[in-house]
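Colleague: Just need the structure, nothing else, for what follows:
(chains A and B)
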Protein chains: 2
Amino acid sequence: MFQDFSSPSKKISGDERLSLLRDQMKSLELDALIIPHGDEQRNEYLPSCNERLAWTTGFTGSAGAAIITENLAIIFVDGRYTLQAAEQTDPSYFQVESLVDNPPHKWLGSHSHENWRVGIDPWLHGQSEVEQLNKALEKHNGKLKLLEANLVDIAWAERPSQPMGKVEIHPIEYAGVTTREKLEQLNESLRDAGAEICVISDATSVSWLFNIRGNDVTHTPLVLAHAILRTGKRPILFIDERKLDIETTAYLNQVADLMSPSSMSDQIRSLSQNTRVMLDPSQTPFAIEEIVRSSGGTIVPHRDPIVMPKAIKNSTEIEGCKAAHIRDGAAMATFLCWLDGQDYQTLDEITAAKKLEAIRSEMTGNLALKDISFDTISGSGPNGAIVHYRVNESTNRAFSNNELYLIDSGGQYMDGTTDITRTIAIGEPGEEESSAFTLVLKGHIAIATARFPQGTRGMDLDPLARMPLWQEGKDYAHGTGHGVGSYLAVHEGPQNISKRGVQELMSGMILSNEPGHYKAGHYGIRIENLILVNHAPKTHDDELAMLQFENLTWAPIDYRLIRIEMLSDFELGWVNNYHRKVYEILHSKVNEKVKIWLAAATRPLKNK
Amino acid sequence: MFQDFSSPSKKISGDERLSLLRDQMKSLELDALIIPHGDEQRNEYLPSCNERLAWTTGFTGSAGAAIITENLAIIFVDGRYTLQAAEQTDPSYFQVESLVDNPPHKWLGSHSHENWRVGIDPWLHGQSEVEQLNKALEKHNGKLKLLEANLVDIAWAERPSQPMGKVEIHPIEYAGVTTREKLEQLNESLRDAGAEICVISDATSVSWLFNIRGNDVTHTPLVLAHAILRTGKRPILFIDERKLDIETTAYLNQVADLMSPSSMSDQIRSLSQNTRVMLDPSQTPFAIEEIVRSSGGTIVPHRDPIVMPKAIKNSTEIEGCKAAHIRDGAAMATFLCWLDGQDYQTLDEITAAKKLEAIRSEMTGNLALKDISFDTISGSGPNGAIVHYRVNESTNRAFSNNELYLIDSGGQYMDGTTDITRTIAIGEPGEEESSAFTLVLKGHIAIATARFPQGTRGMDLDPLARMPLWQEGKDYAHGTGHGVGSYLAVHEGPQNISKRGVQELMSGMILSNEPGHYKAGHYGIRIENLILVNHAPKTHDDELAMLQFENLTWAPIDYRLIRIEMLSDFELGWVNNYHRKVYEILHSKVNEKVKIWLAAATRPLKNK
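Modeller: Here you go, the predicted model:
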């Protein structure tokens, strides 16, 4: 089982751990210490050794921060974690604050005293955070103290060691482009920006560049490693050699100088002298900027040059992604058929999520499921309305009749990463639910069928998915789509479809299309397929170069929740065409029982 | 006639004027001089005394800049003015550059030499421009020199004097809120932002605050004046007393301390000492920032506090705007009826524009046409495709059969400002034109009928107007809508509907809804109504507080260009409902002949 359904850890007493930190703070003359959730590489999934916020506070959510002072301990979390933080932290030691309304810098702006010295680990904060914090402290003549060692790491007696996931070569039949070719392109990017070297802090970028995958964090097959690109020279790859075997060492030695992670700071220091160093301000720890500056280097602020080639999939990655989606679709269809055949009284959220993972895992060979791409969101009834719901043994809910079940899941395969959400009728949900479902479907279709000129940003498409809901006074409080990696992170930038989606969409990018609607305490609805940006075939009337989406995900959308009379002819045509293709693509990949179910689940719908 | 159709001025020889400037540059040891189009108050329409770019170069367009060096003179203009700049400037002295691809700071970055000193008038540039220029010059150790006097003004022997438009009180029956009440609200804004005083540099803000209108620039009834707000004290109004008569002096003396414009710098200097001074970075000349800083004031960067109350119209302004639109609609209907009755062979662009202005001018009394709100865009055939086309005697084009005619115009009335575009069939234009027209209409209807949650920004609605065109591979290269003032600027921020529309739309804002489509060398299409943001009545299904638009503009949309079969039932319903209301509202305001025409032009359309 890739997913762990055990209940979140029980409260830990704040007493001992806070004392250990406060003793150190005292000896360093610190008035406050900031402990963010993020780690040195801004990983979405932290290796357990970097769960410093959880160790300190007990809170295990995926975003947050803490501030420790002599007398106070504040934990900052966003709205989705307010309850969880209150449950997981010891109220006699911690108070919970809003990460959104009153984030650490704002809190310090109003609560810090004259001349405060506030400690941070400069490896865990970027430049803009440091500036924000400094600005807040300046009001009271306070300042940040950049710590040389992380105080949590010192206090944490049983801190796990760094993950040593075995590195695997990502074969050219799935990667499509060799590291050598990628390096040539990156060399150009550096030259164009007038930089001589570039420090890559994003582990997914490093993994993509060197065509390696690993097992250092859950659900994302990245290799924790840093790299330095050098124009006209071999790059340096900072990687723990214990992760490498003879084959991977030989492979990597062909394209890079391998060095130990512990030598990275010194290397940056010596390479930066009188050198123009490209750093991505959104990814680079402040500590690295400080090293570059103090060694006389000039920082060239520039987006990680790997971000764009990684986001724009090559033809091999695209073909792999399509193949992965067909296998994943067959698994989803098998699961949905199984679900329909169950008595709802025997079902609960964990049973269903386990069954789906088991079906996905039945595939074998090279292209077997390597991992799920994130913890399955398996929410029945009101739990479906919790957008970031993760079922565990204490929240696990038995299915009831006449409600909705929302399941959002994905797989990591060597040829591609998948992410799909379906919302299923258990029994006969009411008209309100099917009306809302149909509005969400209309939004999904609006994105799926959009044509748009080159230069269109994700934010320009986001409203199309919301319009049908808006007309009925409804909306959803999340983005419409995120970028997806190629056997890498299921959440990948810079492309997305949301109110903040400033990246122009380009042919080869993969995104999710997942409008939804949620009624707190009642139900949740989301319909998610992955889509690929393509050049649109030029028609007679086209005056501009246009783009459109190609659908990647194949699995039935529950007809029992569609109110056909709410669909236009165009929309109904899309529904029928999509399901015709679902059947064509999947029927030969599933067993006879599923095939019969699939034929019914994809039959043409008719307007009455 | 408010519109001047005379041909743009002929080329002036660059020789004499450039010599006068270069002599001064030499004595000041300047290597280059920048002459922007914008003036001290960032006016959209410049008083003639501020047409410094036109005096220097001959170029009379509404945006641009020049750089003069010892040997070179560069004029920077955007795409719409490339031809005009080449025609109006002397090619033996001036070279034309792109204001977009290679603006002055970029040009200086690559063309300035070591240690250049570049002169600017700090009253004509804002902080961000100064920073951009400084950054570009620093590459070669150059720097900006802030000039104490404007070199063009010194060289310009026959420079017109400052405009002395008579100030009129904008009566409370149109303004709706007294200056006293407005000042109370502004006092709060200053206190909330922690500022003690605020310098208002935007003449439309000053005019709105003091409920005064004037005649200083064409087409916008603003009063050129500055103001300083002071918490707990009367504001200072810097205004030339020659613009005031006994009545307006008495009125203004009740609410403000009146001072001469020439005393403003000294006043800012003395008021800024140890004071927190609110300045809008997007509106404030760098010169004012320098005065505040040098007198020991602390700048509080903050949006002009008048911008939001000015944009959110009060109920009196809204009622006035509706009334103005009914009168303006009657004029438009009368014009369109007249146009239909003409033999196209007798028509040209100027004849048509003059006729429309004459019809608008026939209204008399208090609420007569005070001015047109901008120079009418009257473009037949291919001239319609020039988005910012202004007809003059040398471009004036006779109508031809079977083409489109685009007319974009508006009026300034004491109760409101109007802006309307209609595209008219002359003879029988082809299917291509009517298809494109219908796509534009579908986009117009999508905006007109949108419902959207509070918090929606203009940029979130912009794509709705483009979607029908996108589906056919088309688009338009301008925003969908701009804000409109209340008997003030026809282009008013901060609200707009465009790719850059970050302002959230709020009940009471007035915008235009004007999607279009243009085929260069062939035709232009635009359909423009003004719309008002309203709270949407709450329906049974609404879960959120919603907004919607109310239509303000009433005039027939040319049925001859609508391809009914391309409209959905919903869209056709909108067309018929709109025209039913047009007839209801206008039929009693027009003469018998127009009424008969109007009945036909607004008859219900039926789907075949």
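
Colleague: what helices or strands is the helix or strand harbouring residue A:329 leaning on?
Modeller: Per DSSP states H and E, residue A:329 falls inside helix A:315-341. Judged by 3 or more Cβ pairs under 8 Å, 6 or more residues apart in numbering or on different chains; DSSP states H and E, helix A:315-341 is in contact with helix A:172-175, helix A:349-361, strand A:411-413, strand A:416-417, strand A:420-426, strand A:529-535, helix A:569-586, helix A:592-601. Glycine gets a C-beta too; all of them are placed from N, C-alpha and C.

Colleague: Tell me, please, the helix or strand in chain A that averages the lowest pLDDT.
Modeller: In chain A, no helix or strand scores lower on mean pLDDT, DSSP states H and E than helix A:82-88, which sits at a mean of 88.

Colleague: what about the helices in the stretch 1-150 of chain A?
Modeller: For the stretch 1-150 of chain A, applying DSSP state H, counting those that start in this stretch gives helices covering A:14-27, A:52-57, A:82-88, A:104-111, A:127-138.

Colleague: Check which residues of the first one are buried.
Modeller: For helix A:14-27, the neighbour count (16 or more other Cβ atoms under 10 Å in any protein chain shown) marks A:14, A:17-18, A:20-22, A:24-25 as buried.

Colleague: of those, list those near chain B.
Modeller: Residues of the buried residues of helix A:14-27 in contact with chain B (Cβ under 8 Å from any Cβ of the partner chain): none.

Colleague: So which residues on chain A come close to chain B?
Modeller: A:435, A:450-453, A:457, A:459-464, A:467, A:470-475, A:499, A:519, A:536, A:538-539, A:541-544, A:546, A:568.

Colleague: Which of the residues you listed fall in helices?
Modeller: In this view, the residues of chain A next to chain B that belong to helices under DSSP state H are A:435, A:459-464, A:467, A:470-471.

Colleague: what about the strands in the stretch 51-200 of chain A?
Modeller: A:65-69, A:73-77, A:95-98, A:117-120, A:143-146, A:168-169, A:197-200 (DSSP state E, counting those that start in this stretch).

Colleague: deepest of these, which one?
Modeller: Counting by mean count of other Cβ atoms under 10 Å in any protein chain shown, strand A:197-200 has the highest mean neighbour count of the strands of the stretch 51-200 of chain A, with a mean of 26.

Colleague: what helices or strands is it leaning on?
Modeller: Against strand A:197-200 (3+ Cβ pairs under 8 Å, 6+ apart) you get helix A:179-193, strand A:226-230, helix A:264-272, strand A:276-279.

Colleague: Throw the ones you listed into TSV and include mean pLDDT, thanks.
Modeller: As requested, these are exported to TSV (pLDDT from 0 to 100):
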stretch	mean pLDDT
helix A:179-193	96
strand A:226-230	98
helix A:264-272	97
strand A:276-279	98
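
Colleague: between those, which gets nearest to residue B:42?
Modeller: Among those, the nearest to residue B:42 by Cβ to Cβ is helix A:179-193 (34.2 Å).

Colleague: now what about the closest one, what contacts it?
Modeller: A:196-198, A:208-211, A:229, A:231-232, A:235, A:255-256, A:278, A:300, A:302, A:305-306, A:309 (Cβ atoms under 8 Å, 6 or more residues apart in numbering or on different chains).

Colleague: Could you tell me the angle between that helix and strand A:226-230?
Modeller: Here the directions of helix A:179-193 and strand A:226-230 differ by 60 degrees (axes from the mean of the first three to the mean of the last three Cα atoms, to 10 degrees).

Colleague: Only alpha carbons, please: show helix A:179-193 as PDB.
Modeller: C-alpha atoms of helix A:179-193 as PDB (Å, rounded to 0.1, in the frame of the first residue of the first chain):
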ATOM      1  CA  THR A 179      20.800  15.100 -20.800                       C
ATOM      2  CA  ARG A 180      23.500  16.100 -23.200                       C
ATOM      3  CA  GLU A 181      20.800  17.700 -25.500                       C
ATOM      4  CA  LYS A 182      19.100  19.300 -22.500                       C
ATOM      5  CA  LEU A 183      22.400  20.800 -21.400                       C
ATOM      6  CA  GLU A 184      23.000  22.300 -24.800                       C
ATOM      7  CA  GLN A 185      19.700  24.200 -24.600                       C
ATOM      8  CA  LEU A 186      20.400  25.300 -21.100                       C
ATOM      9  CA  ASN A 187      23.800  26.600 -22.000                       C
ATOM     10  CA  GLU A 188      22.000  28.900 -24.500                       C
ATOM     11  CA  SER A 189      19.600  30.000 -21.800                       C
ATOM     12  CA  LEU A 190      22.500  31.000 -19.500                       C
ATOM     13  CA  ARG A 191      24.300  32.800 -22.300                       C
ATOM     14  CA  ASP A 192      21.100  34.700 -23.300                       C
ATOM     15  CA  ALA A 193      20.700  35.900 -19.800                       C
END
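
Colleague: can you pull the pLDDT of residue A:344?
Modeller: On pLDDT, residue A:344 comes in at 94.

Colleague: Please name the residues that touch it.
Modeller: Counting by Cβ under 8 Å, 6+ apart, residue A:344 has contacts A:399-401, A:426-427.

Colleague: Nearest residue to residue A:324 in space, ignoring adjacent ones along the chain?
Modeller: residue A:416 (3.2 Å; Cβ to Cβ, 6 or more residues apart in numbering or on different chains).

Colleague: Got the confidence number for the one you found?
Modeller: Taking residue A:416 on its own, its pLDDT is 97.

Colleague: what's the neighbour count on it?
Modeller: 31 (other Cβ atoms under 10 Å in any protein chain shown).

Colleague: That one: what's it in contact with?
Modeller: Counted by Cβ under 8 Å, 6+ apart, residue A:416 has contacts A:317, A:320-325, A:486-487.

Colleague: List only buried entries from those residues.
Modeller: Neighbour-count burial (16+ other Cβ under 10 Å) applied to the contacts of residue A:416 gives A:317, A:320-322, A:324-325, A:486-487.

Colleague: List the contacts of the residue lying closest to residue A:29 once chain neighbours are set aside.
Modeller: Distance criterion Cβ to Cβ, 6+ apart; nearest residue to residue A:29, sequence neighbours excluded, is residue A:117 at 6.2 Å. Neighbour list for residue A:117: A:29-32, A:142-145 [criterion: Cβ under 8 Å, 6+ apart].
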